[in-house]
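1. Output the structure for:
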Amino acid sequence: MALTSSSEVINRLSREIADFPDRAKASARQGFQIINGLSETDRAKAIEVMFSSLERGGGSIDIERLSNEIPSLTRRDAGRVLTALSFSFALLTQSEVTPTEFIEAGRENLFDAGGEITASAIADVVINRRATLDKAMARNRLANAVLPSLAQFDVTVDLRIRFQNEKLQEFVPVALAHIDTDTDNIEFWFQLSRADIDILLDKLTKCAREMDVSEELLNKVISQEQ
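-> Model (predicted):
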């Protein structure tokens with residue numbers, strides 16, 4: 001079987017980058033600029049958050065955890081950093097891709113010339129752990145197939161106050177939630193009452209238990225067939 005040339009790999013990566021949503025690519029470019037300004041210690045923390053998110057089974061990346069790990073990052077900037085890392089991991093977990101090919105394909109598409117050293121350092125770390133990540137990335141792609149997937153979830157508490165004759169008469173706390181997906185122009189804002197939150201927590205807890213049981217059963221079936 002003929003080996004894939006470096007130029008073919010670069011062209012394929014460039015096509016994949018071109019297919020990423022424009023808004024996500026803009027966020028990734030900003031993310032690389034932010035990563036470039038981080039200390040080596042904070043950069044390692046960001047990469048480790050990304051690794052642990054993938055290794056636990058994919059899904060949305062924990063923006064809040066990253067902003068807690070690196071207090072200098074706002075939640076918005078933490079999201080941009082993780083978008084840049086998500087793109088990098090997706091491209092670099094492909095077995096034949098080298099750091100040089102990643103830099104060639106990403107230059108001026110995901111990062112500018114000033115970010116190349118940072119991108120190369122990220123590539124070295126990912127490639128060194130590529131074997132471990134391969135299975136996790138495959139599971140992540142399977143989980144995100146077909147439908148829009150959760151990319152970001154934010155929630156905060158608002159206090160609604162009713163006045164009568166310029167005096168406080170009644171108040172109620174309300175949760176304001178925002179869901180963003182990995183598909184352009186598909187995001188939602190909504191509010192929840194305390195009762196809604198309690199119902200949602202119960203349903204999510206039940207769902208998590210059912211997912212654990214499903215995974216245990218499937219692992220048993222797979223082990224018996226091997």
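
2. From here on, just use CA atoms for contacts and neighbour counts.
-> OK.

3. Helices of this protein, start to end?
-> Assigned by DSSP state H, the helices in the chain fall at 6-19, 22-36, 40-55, 63-69, 75-92, 99-106, 116-128, 130-143, 194-225.

4. which sections of this structure are below the confidence cut-off?
-> Under the criterion of pLDDT under 70, the regions of the chain flagged as low confidence span 1-4, 56-62, 95, 137, 140, 144-146, 226.

5. Quick check: most distant residue from the centroid of it.
-> With distances taken as CA atoms, centre = their mean, the residue sitting farthest from the centre of the chain turns out to be residue 165, at 48.9 Å.

6. Just list the residues touching the closest residue to residue 47 other than its chain neighbours, thanks.
-> On the basis of CA to CA, 6 or more residues apart in numbering, the spatially nearest residue to residue 47 that is not a chain neighbour turns out to be residue 85, at 7.2 Å. Contacts of residue 85 were listed using CA atoms under 8 Å, 6 or more residues apart in numbering, and they are 28, 47, 50.

7. what's the burial count for the second one?
-> This means residue 47. The burial metric for residue 47, expressed as a neighbour count using other CA atoms under 10 Å, is 20.

8. Likewise for the first one?
-> For residue 28, the tally of surrounding residues (other CA under 10 Å) stands at 25.

9. Against residue 200, how distant is residue 190?
-> In this structure, residue 190 and residue 200 are separated by 14 Å, where distance is defined by CA to CA, to the nearest Å.

10. So which of these two has more stuff around it?
-> Neighbours per residue, other CA under 10 Å: of residue 190 and residue 200, the larger number sits with residue 200, 13 against 10.

11. Any figure for the gap between the more buried one and residue 35?
-> Residue 200 sits 35 Å away from residue 35, going by CA to CA.

12. do the same with residue 121
-> For residue 121, the distance to residue 35 equals 11 Å [CA to CA].

13. Between these two, which is the more surrounded one?
-> Under the neighbour definition other CA under 10 Å, residue 121 and residue 35 were set side by side, and residue 35 has more, 26 against 12.

14. Deepest-packed of the helices of the chain, please.
-> Stretch with highest mean neighbour count among the helices of the chain: helix 75-92 (a mean of 21; mean count of other CA atoms under 10 Å).

15. what angle separates that one from helix 6-19?
-> Angle of helix 75-92 versus helix 6-19, following axes from the mean of the first three to the mean of the last three CA atoms, to 10 degrees, is 140 degrees.

16. how far out from the middle of the chain is helix 75-92?
-> 6 Å (CA atoms, centre = their mean, to the nearest Å).

17. Same question for stretch 91-103.
-> A distance of 19 Å separates the centroid of the chain from that of stretch 91-103, by CA atoms, centre = their mean.

18. measure that stretch end to end?
-> Chord length of stretch 91-103, first to last residue, is 11 Å (CA to CA).
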